[in-house]
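# after the sequence you'll find the predicted model.
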Amino acid sequence: MRRLFIGFFLGGVLGSAAGFVLGILVFPYIFPAPPAMDAPVAASERVIARGIFIHADPDDPIHYGKGKVTVHAKILRLEQDFEVGPGPKFHVYLVPKATIRKSADVKQTMYVDLGRLRAFKGAQNFPIPAGIDLTKYASVVIWCEAFGVLISPADLKF
């Protein structure tokens, strides 16, 4: 009787945990969020830098990113082709270090948090705080604050 109870309890706990993890991984693909559609930046806004998001760790199928980013004097714009794998609490960071490829690269440096990602796909604009010297920031990073994980970096070319 005791073995039956332990087996039933362990099966319930492991089954619930497996179902929860599977739900987190599958839900965003079954019910994807609509893409963001922020208005384009005015043509009069001078482009300061451009970059392309990359898949920093090809062995990690969950944390990926792709698409272009454009930095203007007052706005950082994720372009229409921007896309990242879904997850919780993604933020956009300006990071002074170039060639970010690991989570430790972001954790060991200061950064400017431009705000929370509003969608996993599509064009989005983020205001850049006044007084930021953009020439000192060589990378734009999509960062998961919930787990402290690098999602996708973009090296900026000025």
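Cool, the structure landed. Numbers count the residues shown, from 1 in each chain.

# any idea which element Lys66 lies in?
strand 65-72 (DSSP states H and E).

# hmm, who's touching that strand?
41, 45-55, 76-85, 128, 134, 140, 142, 151-154, 156 (CB atoms under 8 Å, 6 or more residues apart in numbering). Just so you know, the C-beta spots here come from the backbone N, C-alpha and C atoms, and that holds for glycine as well.

# just the buried members of those residues?
Buried residues within these, counting neighbours by 16 or more other CB atoms under 10 Å: 41, 48-55, 76-80, 82-85, 128, 134, 140, 142, 151-154, 156.

# show me the residues you listed that map onto strands.
Taking DSSP state E as the definition of strands, the buried ones among the contacts of strand 65-72 contribute 48-53, 76-78, 83-84, 140, 142, 151-154, 156.

# worst-scoring helix or strand of the chain, pLDDT-wise?
The weakest-scoring helix or strand in the chain, judged by mean pLDDT, DSSP states H and E, is strand 36-37 (a mean of 70).

# pull the distance from that one to the chain's centre.
The chain centre lies 16 Å from the centre of strand 36-37; the measure is CA atoms, centre = their mean, to the nearest Å.

# is Gly115 part of a helix or strand, or is it coil?
Classification of Gly115 by DSSP: H, G, I helix; E, B strand; the rest coil places it in strand.

# now Lys97
Using three-state DSSP, the structure places Lys97 in coil.

# once you drop chain neighbours, what's closest to it?
With sequence-adjacent residues excluded and distances taken as CB to CB, 6 or more residues apart in numbering, Lys97 is closest to Thr109, at 5.0 Å.

# OK, contacts around the one you found?
Listed by CB under 8 Å, 6+ apart, the contact set of Thr109 reads Val95, Pro96, Lys97.

# point out where this protein drops to low pLDDT.
Low-confidence segments of the chain (pLDDT under 70): 25-35, 43.

# switch to 80 and redo it
Along the chain, segments meeting pLDDT under 80 span 1, 4-5, 19-40, 42-44.

# just give me the residue closest to the centre of it.
Closest residue to the average C-alpha location of the chain: Ile142 at 3.1 Å, with CA atoms, centre = their mean.

# any idea how far Phe126 is from the spatially closest residue to that residue that is not a sequence neighbour?
Closest residue to Ile142 in three dimensions, ignoring its sequence neighbours and counting by CB to CB, 6+ apart: Ile151, at 4.2 Å. Using CB to CB, to the nearest Å, one gets 15 Å for the distance from Ile151 to Phe126.
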